[in-house]
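Enquirer: Only the shape, not the letters, is given here:
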Ligand SMILES: C[S@@+](CC[C@H](N)C(=O)[O-])C[C@H]1O[C@@H](n2cnc3c(N)ncnc32)[C@H](O)[C@@H]1O
């Protein structure tokens, strides 16, 4: 079986269960019947909640609820802030920032400064609440982006791919290379270190990102610039 994205300990479902996700259709999800039933109930209860976002809180981390079926695992508020600060500094005054599969970082950037030049490339269309700054993105078609997204149009790209696989990172890397003028911050599993270096020339930072729900997989950041996450 391929490497799974993230196993999570989720109190709301069952603290002993480890949920696994895979990007392969032929992999059978490793969920027990009782876990599946609990998940289904959990999602049924949540239906409609994401439409209750008010204009005031639409940039708060978690304003759009996690949907694990899309491998969504939001950063803790503190981690989202650290990552946002880092890319802001890397982008420089007036620099353009692309958040690829990293909605929490986009939200933090906008919370901090509504005028910041940032876009969110995302598969989940619920994020279209961000208007022109939402760009639909499916890593399976890495260079299929809306026409007005030109090559090398962002000073820094921060990316958090949905799956821990070479296939997924390879495709996301194509998009990153298309978008960035040079600077890249990648957040993914520690097991992707060799691929991050090989595909994008990235080095692992010392900072340990945290999520709102604990992930069983070790998670890290990788950068190709002098990052504050490495001090
Ligand atoms: C592990 S999450 C990263 C979220 C990040 N930790 C945060 O808090 O902002 C992966 C992201 O990839 C997105 N995603 C899921 N399927 C995708 C696909 N086929 N193509 C591109 N992105 C996808 C999810 O919606 C999710 O936002």
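Expert: Received it, and whenever you're ready, just let me know what you need. For clarity, every value in this text was computed on a predicted model and none was experimentally measured.
Enquirer: Tell me the secondary structure at the closest residue to residue 231 other than its chain neighbours.
Expert: Excluding the flanking residues, the one nearest residue 231 by Cβ to Cβ, 6 or more residues apart in numbering is residue 206, at 7.4 Å. Heads up, the C-betas are built off the backbone N, CA and C, glycines and all. Under the three-state scheme (DSSP: H, G, I helix; E, B strand; the rest coil), residue 206 adopts coil.
Enquirer: And residue 206, how far from residue 66?
Expert: As for residue 206, its distance to residue 66 is 27 Å (criterion: Cβ to Cβ, to the nearest Å).
Enquirer: Mind telling me what element residue 119 is part of?
Expert: Element membership of residue 119 [criterion: DSSP states H and E] is strand 118-122.
Enquirer: Any chance you could list what contacts that strand?
Expert: With contact meaning Cβ atoms under 8 Å, 6 or more residues apart in numbering, strand 118-122 is reached by 96-103, 106, 109-110, 127, 130, 133-137, 145, 154, 175.
Enquirer: 6 Å - rerun?
Expert: With Cβ atoms under 6 Å, 6 or more residues apart in numbering as the contact definition, strand 118-122 has outside contacts at 97-100, 103, 106, 109, 127, 130, 133-135, 137.
Enquirer: could the residues you listed go into JSON lines alongside secondary structure and pLDDT?
Expert: Output for those, formatted as JSON lines (DSSP: H, G, I helix; E, B strand; the rest coil; pLDDT from 0 to 100):
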{"residue": "97", "secondary structure": "strand", "pLDDT": "98"}
{"residue": "98", "secondary structure": "strand", "pLDDT": "98"}
{"residue": "99", "secondary structure": "strand", "pLDDT": "98"}
{"residue": "100", "secondary structure": "strand", "pLDDT": "98"}
{"residue": "103", "secondary structure": "helix", "pLDDT": "98"}
{"residue": "106", "secondary structure": "helix", "pLDDT": "98"}
{"residue": "109", "secondary structure": "helix", "pLDDT": "98"}
{"residue": "127", "secondary structure": "helix", "pLDDT": "97"}
{"residue": "130", "secondary structure": "helix", "pLDDT": "97"}
{"residue": "133", "secondary structure": "helix", "pLDDT": "98"}
{"residue": "134", "secondary structure": "strand", "pLDDT": "98"}
{"residue": "135", "secondary structure": "strand", "pLDDT": "98"}
{"residue": "137", "secondary structure": "coil", "pLDDT": "98"}
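Enquirer: Of all pairs in those residues, which one is the farthest apart?
Expert: Farthest pair in these (Cβ to Cβ) is 109 and 137. Separation: 17.3 Å.
Enquirer: Point out where the chain drops to low pLDDT.
Expert: Applying pLDDT under 70 to the chain flags residues 1-56.
Enquirer: one more time with 50, if that's ok
Expert: Within the chain, the ranges that satisfy pLDDT under 50 run 1-5, 7-29, 36, 49, 51.
Enquirer: which of the contacts of strand 118-122 are close to the ligand?
Expert: Among the contacts of strand 118-122, the residues within reach of the ligand (Cβ under 6 Å from any ligand atom) are 103, 137.
Enquirer: filter the contacts of strand 118-122 to the buried ones?
Expert: Neighbour counting with 16 or more other Cβ atoms under 10 Å marks 97-100, 103, 106, 109, 127, 130, 133-135, 137 as buried within the contacts of strand 118-122.
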